[in-house]
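**Q** need a structure here:
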Amino acid sequence: MDGARSKIEVFDNPETLAAAIADLFVDCAQTATTERGGFYVALSGGRTPTRAYELLAQEPRTNAVPWKDVFIYFGDERCVPPDDEQSNYLLAKQSFLDRVQIPLGNVHRMRGEEQPDQAAAGYQKILIEDMGADPRFDLVLLGLGLDGHTASLFPGNPLTAETFVEAPYVPKFSAHRITLTPRVINRARRIAVAVEGIEKAEILASVLDKAADPAIYPIALVLPTDGELTWLVDRAAASSLQK
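**A** Numbers count the residues shown, from 1 in each chain. As a prediction, the model looks like this:
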């Protein structure tokens, strides 16, 4: 994967990695609210961001975020109700949203309990209503799967170029997922991909190859059009990278 304004930051262990994600959230929130009056962020699910979310609910970080001007969205969601243990919304809710002073109306979940295409269309409408005809997030948080997927962009799932949100069918799970598309992800001012663990070392090295095929590694579709891409990885995940 190649592109201007892309960098890799390596951290000693999962805890320092999680702290870096939380600090990035705080920094982006402060900058966005100061410069533009609001902070629009798309969250990811997974183990690493969960710890970062917990840190955001603790001092000193929680008091450094102007929560009334923070607007929360999600990069993807499983087609489950919001109280299902697989729900990315529930993960974020329990990790920090219930523990910080953010207005309920500032949190916009993907409605996984609805018919998938209807949920995707409804979420796209919310993005446009909140951020305009060409939505732009201040920060999009992403992860990396062992198969090269990110958000719910999986190998073998074609996406249209016109939409901001889709509901692809994922054969490996025999289920639909709701996901932001590269069109809106790549518009973000800042994209951060968190990668943790030795089991991610080989796939990380593959997707960072300049010749990485997006059809095989969908995360290779993540190429900011006018923003910055940062890979936040722990030392174990970075072990297969060339210095």
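**Q** mind checking how far the longest helix seen in the chain is from the chain centre?
**A** Ranked by number of residues, the top helix in the chain under DSSP state H is helix 14-36. The chain centroid and the centroid of helix 14-36 are separated by 13 Å under C-alpha atoms, centre = their mean, to the nearest Å.
**Q** report the rounded mean pLDDT for it.
**A** Averaging pLDDT along helix 14-36 gives 98.
**Q** all strands for the protein, in order.
**A** Counting by DSSP state E, the chain has strands at residues 6-11, 39-43, 70-74, 76-78, 139-143, 165-166, 169-170, 175-180, 190-195, 228-234.
**Q** what's the closest of those to residue 54?
**A** strand 39-43 (13.1 Å; C-beta to C-beta). For the C-beta atoms, the positions are set from N, CA and C on the backbone; glycine is no exception.
**Q** neighbours around residue 108, how many?
**A** Counted with other C-beta atoms under 10 Å, residues neighbouring residue 108 total 18.
**Q** would you enumerate the residues in contact with it?
**A** 71-74, 123, 126, 130 (C-beta atoms under 8 Å, 6 or more residues apart in numbering).
**Q** ok, now with 10 Å
**A** 40, 42, 71-74, 89, 123, 126-127, 129-130 (C-beta atoms under 10 Å, 6 or more residues apart in numbering).
**Q** out of those residues, which comes closest to residue 224?
**A** residue 42 (13.6 Å).
**Q** follow-up on the earlier one: with just CA atoms, put the longest helix of the chain into CSV.
**A** Output of helix 14-36 as CSV, limited to C-alpha atoms (Å, rounded to 0.1, in the frame of the first residue of the first chain):
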residue,chain,number,x,y,z
PRO,A,14,-1.0,-3.4,23.4
GLU,A,15,-1.5,-1.0,26.4
THR,A,16,0.7,1.7,24.9
LEU,A,17,-1.0,1.2,21.6
ALA,A,18,-4.4,1.7,23.1
ALA,A,19,-3.2,4.8,24.9
ALA,A,20,-2.0,6.2,21.6
ILE,A,21,-5.4,5.6,20.0
ALA,A,22,-7.1,7.4,22.9
ASP,A,23,-4.6,10.3,22.7
LEU,A,24,-5.2,10.6,19.0
PHE,A,25,-9.0,10.7,19.6
VAL,A,26,-8.4,13.5,22.2
ASP,A,27,-6.1,15.5,19.9
CYS,A,28,-8.4,15.2,16.9
ALA,A,29,-11.4,16.2,19.0
GLN,A,30,-9.7,19.3,20.4
THR,A,31,-8.5,20.4,16.9
ALA,A,32,-11.8,19.8,15.2
THR,A,33,-13.9,21.5,17.8
THR,A,34,-11.6,24.5,17.9
GLU,A,35,-11.3,24.9,14.2
ARG,A,36,-14.7,23.8,13.0
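**Q** next, the angle from that helix to strand 39-43.
**A** Calculated by axes from the mean of the first three to the mean of the last three C-alpha atoms, to 10 degrees, helix 14-36 forms an angle of 150 degrees with strand 39-43.
**Q** show me what helix 14-36 is packed against.
**A** Judged by 3 or more C-beta pairs under 10 Å, 6 or more residues apart in numbering; DSSP states H and E, helix 14-36 is in contact with strand 6-11, strand 39-43, helix 47-56, strand 70-74, strand 139-143, strand 190-195, strand 228-234.
**Q** can you lay out the ones you listed as TSV showing mean neighbour count, mean pLDDT and distance to residue 108?
**A** Below are these laid out as TSV (neighbours: other C-beta atoms under 10 Å; pLDDT from 0 to 100; distance: least, C-beta to C-beta, whole Å):
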stretch	mean neighbour count	mean pLDDT	distance to residue 108
strand 6-11	15	94	28
strand 39-43	25	98	10
helix 47-56	21	93	16
strand 70-74	23	98	5
strand 139-143	26	98	14
strand 190-195	24	98	19
strand 228-234	22	98	24
